[in-house]
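Asker: Here is a sequence together with a model predicted from it:
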Amino acid sequence: MAKTKPGKKDLDSYTIKGTTKVVRTGDCVLMRPSDSDKPPYVARVEKIEADHRNNVKVRVRWYYRPEESIGGRRQFHGAKELFLSDHYDVQSAHTIEGKCTVHSFKNYTKLENVGAEDYFCRFEYKASTGGFTPDRVAVYCKCEMPYNPDDLMVQCEGCKDWFHPSCMGMTIEDAKKLEHFLCSDCSSDDDAKRSLNTFPVSPSVEAKVEPKRRKR
Ligand SMILES: [Zn+2]
Ligand SMILES: [Zn+2]
């Protein structure tokens, strides 16, 4: 037997009811939640098919919002962040409200303007365990947090690390006016920093210790 179940027919596309927007396999869509107080669900369309009565169904792979994940929303999660889950469903195409774009993290950070339909995804999410892939990310700043693209960060010209203005004792307005930025480690005490990064061969590190009397 063919893979398609009897009476079902694969479709190339579906036009969202009341619109001219066409959804194709691979597109990301917004789906009406059963509870209308909640924001729409976001999903990637894996397959579109019609049954013998021409009811259109879509097989979707859900994106989870941070608050829907087992670990919950964390400080570094962006407002438009989504996790690509391993949770699939078949839904009536009627629940599709609109289309959206789920950008890669890199592309999202390059957007000039973030529209209502722009989201980003940097993690895959296992719904049964709450686990993420990748399970580690780079951290920045003195606070050692992963990058939240909603928060302004400034790059130090010395160490090239990125910093939150608030962690550096600046306001965001101060930070925006800066033409050059050196973090506190790179700017304040060059000598102290250098001595931390080098082997202490100089006796000056013991300067505060009372010199012993020379014995003959
Ligand atoms: Zn910080
Ligand atoms: Zn620095």
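Answerer: Perfect, I can see it now. Ligands and ions are numbered 1, 2, ... in the order given.
Asker: use CA for all of it now, contacts and neighbours both
Answerer: Noted.
Asker: What strands line up against the longest strand belonging to the chain, and which way round?
Answerer: For the chain, the strand with the greatest residue count under DSSP state E is strand 81-92. Its sheet considered, strand 81-92 pairs with strand 56-64 (antiparallel), strand 118-126 (parallel) by DSSP bridges.
Asker: could you redo those as a markdown table and give each row mean neighbour count, distance to residue 34 and mean pLDDT?
Answerer: Formatted as a markdown table, those follow (neighbours: other Cα atoms under 10 Å; distance: least, Cα to Cα, whole Å; pLDDT from 0 to 100):
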| stretch | mean neighbour count | distance to residue 34 | mean pLDDT |
| --- | --- | --- | --- |
| strand 56-64 | 22 | 15 | 98 |
| strand 118-126 | 19 | 21 | 97 |
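Asker: Of all those, which one is nearest residue 106?
Answerer: When these are compared by Cα to Cα, strand 118-126 sits nearest residue 106, at 8.8 Å.
Asker: so how far is the closest one off the chain centroid?
Answerer: Here strand 118-126 is found 6 Å from its chain centre; the criterion is Cα atoms, centre = their mean, to the nearest Å.
Asker: Start at 135, not 1
Answerer: In the new numbering, first residue 135, that becomes strand 252-260.
Asker: Residues of the protein that sit close to ligand 1?
Answerer: By Cα under 5 Å from the ion, the residues of the chain that approach ligand 1 are 275, 277, 298, 301.
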